[in-house]
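[1] quick check, what structure comes out for this input:
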Amino acid sequence: MNWSELTWKQTEERYQAILTMPFVAQLADGSLPKEKFQFYMAQDSLYLEHFGRALALIAARAHDISNTLQYLKYAETAIIVENALHESYFKDFGLKDKGTMQPVCHHYVHFLKSTAALDSVEIAMAAVLPCFWIYKKVGDHIYNTIKSENNPYQKWIETYGGEEFADAVQQAINICDEVAASTTPAIREKMTEAFLTSSRMEYYFWEAAYDNKAWIK
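    Just a heads-up that it's a prediction; the model follows:
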């Protein structure tokens, strides 16, 4: 069993909890209140900018030039393609700007950027993987098992449930398995720890949007 299979077993329970979260369930059936999706979109737009920067750092530090090219592509997608989608949503849902980065988003992006800058590149690759993998699996779950007509969030569902995103996710998983196989046991253990931390942050990110968790004024 490779690193990704072993690591996913440790996060499967957390993933199942994500599927039953009110935010995800209501996103799937289209009943999610507009203001909760607005909070999510603004925070996710801020997140993607810094996620892209973390990916670019990983690209610069990757040992294999093919991995450098792949993570540069990921960074471009995060910053340009997905931000374009969010700009469309900003117009559709009446958002004028991104606003202020709130606590959970702040915690998540600083964890990713500090890991990308200061830890080994293998650990950094593992830290960013849940954003790919969990979003893909959630998107697949919604797309394949839950059908609703005139869902206002259909564009989001189609983005993360499509084949193009699936290919990118599988490539990221494969890269992590390759670097895990060639590194030390200590680094592999830290890769798993970083993956699990980011998996928790994925849960808290959606929870924060549903509960409108903001800084204390």
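[2] now do the helices in this structure.
    Assigned by DSSP state H, the helices in the chain fall at 3-19, 22-29, 34-61, 65-76, 82-92, 103-118, 121-145, 154-160, 163-182, 185-211.
[3] surely residue 98 and residue 42 touch.
    Yes: counting by Cβ atoms under 8 Å, residue 42 is a contact partner of residue 98 at 5.0 Å. For glycine as for every other residue, the C-beta is placed from the backbone atoms N, C-alpha and C.
[4] more crowded one of the two?
    residue 42 (24 against 17; other Cβ atoms under 10 Å).
[5] state the distance from the spatially most central residue of the chain to residue 14.
    Note on the chain: the residue nearest the mean C-alpha position is residue 131, at 2.1 Å, using Cα atoms, centre = their mean. The gap separating residue 131 from residue 14 is 14 Å, by Cβ to Cβ, to the nearest Å.
[6] which of the helices of the chain sits closest to residue 217?
    helix 103-118 (12.5 Å; Cβ to Cβ).
[7] that closest one packs against which elements?
    Secondary-structure packing of helix 103-118 (3 or more Cβ pairs under 8 Å, 6 or more residues apart in numbering; DSSP states H and E): helix 34-61, helix 121-145, helix 185-211.
[8] and that helix, how far out from the chain middle?
    12 Å (Cα atoms, centre = their mean, to the nearest Å).
[9] how far off helix 65-76 does it point, in degrees?
    For helix 103-118 against helix 65-76, the angle by axes from the mean of the first three to the mean of the last three Cα atoms, to 10 degrees is 160 degrees.
[10] relative orientation of helix 103-118 and helix 185-211 in degrees?
    160 degrees.
[11] helix 103-118 vs helix 121-145, what angle?
    Using the same axes, to 10 degrees: helix 103-118 against helix 121-145 is 140 degrees.
[12] need the contact partners of stretch 101-121.
    Contact with stretch 101-121 is made by 39, 43, 46-47, 50-51, 53-55, 57-58, 61-63, 123-124, 127-128, 179, 183, 187, 190, 194, 197-198, 201, 204-205, 207-208, 213-215, as judged by Cβ atoms under 8 Å, 6 or more residues apart in numbering.
[13] pLDDT score for the closest residue in space to residue 115 that isn't next to it in sequence?
    Of all residues not flanking residue 115 in the chain, residue 127 sits nearest, at 4.5 Å (Cβ to Cβ, 6 or more residues apart in numbering). Residue 127 carries a pLDDT value of 98.
[14] cool, thanks, signing off.
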